[in-house]
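1. Pasting the sequence and the predicted coordinates here, then a few questions.
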Amino acid sequence: MVSVCVVVVVVVVVVVMCVNGDSGDLNTPISVLLRGLTKDLGHSEAPRTGDQEREWWADYLCHQTNFQGQEQKHIIPLQQLFRDVTPERRDRNVFLMDTACNTHPRYRAWCSVESWANQNPDLDVWFLMTSQKVSDTDGLPSLLMHKYPNLRLVGTHLAGIFKGTPVEPLYLSRKWTVSETWPPEVLSNMLRALVLWHYGGIYSDTDILSIRPFTLPLNATGFDVEAVVGSALYAFSAHHPLLWTLMEDINKEFIPGVWGIIGPAAVTRVVKKACGTNDTYTLLHKAPVSCANKSVTIYPDTHFFPVFWHEFERYFNKSTGLNFDKDFKSSYVLHMWNVFSKWTPIKMGFFSIYEAAARRSCPLTFSRAILRSNFF
């Protein structure tokens, strides 16, 4: 049997030599010759998905990726952003992300994703995930991708995205992976600046609902509360210098175990520097205000953060959505403050702000959610 195998290999080598039109090099490894034959016959490498390699960070983030018992048809493998797929249109993108390796994002996250795809059909909406696959058990992900051709679900090739950027040293140091540092949140704060640096567009947290088309020019941020510049949503053109400065700040100022130090605090520090002031209250009263030769504009809180975090229950209270259009006529998005509100139920028929926004901005997710329960 061994001799037969040797003959087969020799025949293949001879074929390769003939295909290449020369006598070949007997010192050339057979594997190389076989690859040459494959190339000459016109076969290309199949698109890779996350299953084919596991990056080191997955050991720290991916603890809930069990698909045991699920049929293959109910699992969607994800191509990796930067490695397998890249945005075709510079500055015409919306990026949302789940950096906790969730294979079953909650309906509220899907509602956020759908709202952006629905309200902004002229933009490409990218839902980045650190999981290698996403569950399609209830059919919602595939339904959304069918309904919205501008929506893409992708994994994330972190090694490629971080390479050559100011936050690469922090990424490689692994200081951010210690459990007390909230690894998914820290990764998200780094990654949002990175994807806008590479591709340009809008970044949005998954607890934000888009309630109208985002028609503001890029290079925009917004005041949050108490003159803090928010990091849950900002929009910049690719390679904008403020993004580079932001990444430098994140790499320099990160302290393990200090909440928010590279989130809103970092964006606020960078905006102060760009505007040449330490007094953001003055900027707040002038908003919208442009700085750094009009290269960045800070909008008033009504645009992106119309309800402050300590009032988040207003989004869910009965009848608060009855005057929705009037109350939010100046707002482009609603920030639901998931860190505080994630266990507050959205009750059907309450006519809450969230219900009013969900019915118009994420109708497919809303319909699927209420099939399972009268609240979600």
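-> Cool, the structure landed.

2. ok, Val178 touching Pro256?
-> Yes - at 5.6 Å, Val178 counts as touching Pro256 under the criterion of CB atoms under 8 Å. To be clear about C-beta, it is placed using only N, CA and C from the backbone, and glycine gets the same treatment.

3. Break the protein into its domains for me.
-> 2-40, 57-372 (automatic domain parsing).

4. which of those domains is buried the deepest?
-> domain 57-372 (a mean of 18; mean count of other CB atoms under 10 Å).

5. weakest of the domains of the chain in terms of mean pLDDT?
-> Mean pLDDT values for the domains of the chain show the minimum at domain 2-40, a mean of 36.

6. Now do the strands in the protein.
-> In the chain, the strands defined using DSSP state E lie at 75-77, 80-81, 93-98, 124-129, 133-135, 151-156, 201-204, 208-210, 220-222, 233-236, 289-291, 296-299, 333-335.

7. closest to Trp182 out of the ones you listed?
-> strand 93-98 (14.3 Å; CB to CB).

8. elements contacting the closest one?
-> helix 107-119, strand 124-129, helix 183-199, strand 201-204 (3 or more CB pairs under 8 Å, 6 or more residues apart in numbering; DSSP states H and E).

9. hmm, 6 Å instead?
-> Here strand 93-98 touches strand 124-129, helix 183-199, strand 201-204, going by 3 or more CB pairs under 6 Å, 6 or more residues apart in numbering; DSSP states H and E.

10. Which among the strands of the chain is found nearest to Glu311?
-> Among these, strand 333-335 comes nearest to Glu311, with 11.3 Å by CB to CB.

11. Which strands border that closest one, and is each parallel or antiparallel?
-> Using DSSP bridges, strand 333-335 pairs in its sheet with strand 208-210 (antiparallel).

12. contacts for the partner strand?
-> Ser112, Ser115, Trp116, Gln119, Leu233, Val333, Leu334, His335, Ala357, Ser361 (CB atoms under 6 Å, 6 or more residues apart in numbering).

13. Backbone torsions only: list them for the residue lying closest to the first one once chain neighbours are set aside.
-> Excluding its sequence neighbours, the residue lying closest to Ser112 (CB to CB, 6 or more residues apart in numbering) is Thr206, at 4.5 Å. Dihedral angles phi and psi of Thr206 (degrees, to the nearest 10) take the values phi -90, psi 10.

14. beta partners for the closest residue to Asp301 other than its chain neighbours?
-> In this structure, Asp301 finds its nearest non-sequential neighbour in Phe223, 4.6 Å apart by CB to CB, 6+ apart. Partner residues in beta bridges with Phe223, using DSSP bridges, are Val229.

15. separation between Phe223 and Val125?
-> The gap separating Phe223 from Val125 is 25 Å, by CB to CB, to the nearest Å.

16. Kindly report the same for Phe95.
-> 8 Å.

17. Repeat that for Thr302.
-> Distance from Thr302 to Val125, by CB to CB: 24 Å.

18. ok, now Ser188?
-> Taking CB to CB as the measure, Ser188 falls 17 Å from Val125.

19. For the spatially most central residue of the chain, give me its contacts.
-> For the chain, the residue nearest the mean C-alpha position is Met97 (2.7 Å; CA atoms, centre = their mean). Each residue near Met97 by CB under 6 Å, 6+ apart is listed here: Leu128, Ser188.

20. next one: Phe127
-> Here Phe127 is in contact with Leu96, Val113, Leu153 (CB under 6 Å, 6+ apart).

21. So what pairs up with the first one in the strands?
-> Looking back up the chat, that one is Leu96. Applying DSSP bridges to Leu96, the residues it is bridged with are Phe127.

22. isn't it right next to Asp205, touching?
-> No - Leu96 is beyond contact range of Asp205, at 7.3 Å (criterion: CB atoms under 6 Å).

23. any common contacting residues for the two?
-> Common neighbours of Leu96 and Asp205 (CB under 6 Å, 6+ apart) do not exist.

24. For Thr181, see how far away Gly230 is.
-> Gly230 sits 21 Å away from Thr181, going by CB to CB.

25. nope, Ala58 is what I was after
-> Distance, Ala58 to Thr181, using CB to CB: 17 Å.

26. can you check Val267 too?
-> Val267 is 19 Å from Thr181, by CB to CB.

27. Reformat the contacts of strand 208-210 as CSV; add distance to His63.
-> Formatted as CSV, those follow (distance: CB to CB, whole Å):
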residue, distance to His63
Ser112, 23
Ser115, 29
Trp116, 28
Gln119, 34
Leu233, 28
Val333, 31
Leu334, 31
His335, 28
Ala357, 32
Ser361, 32
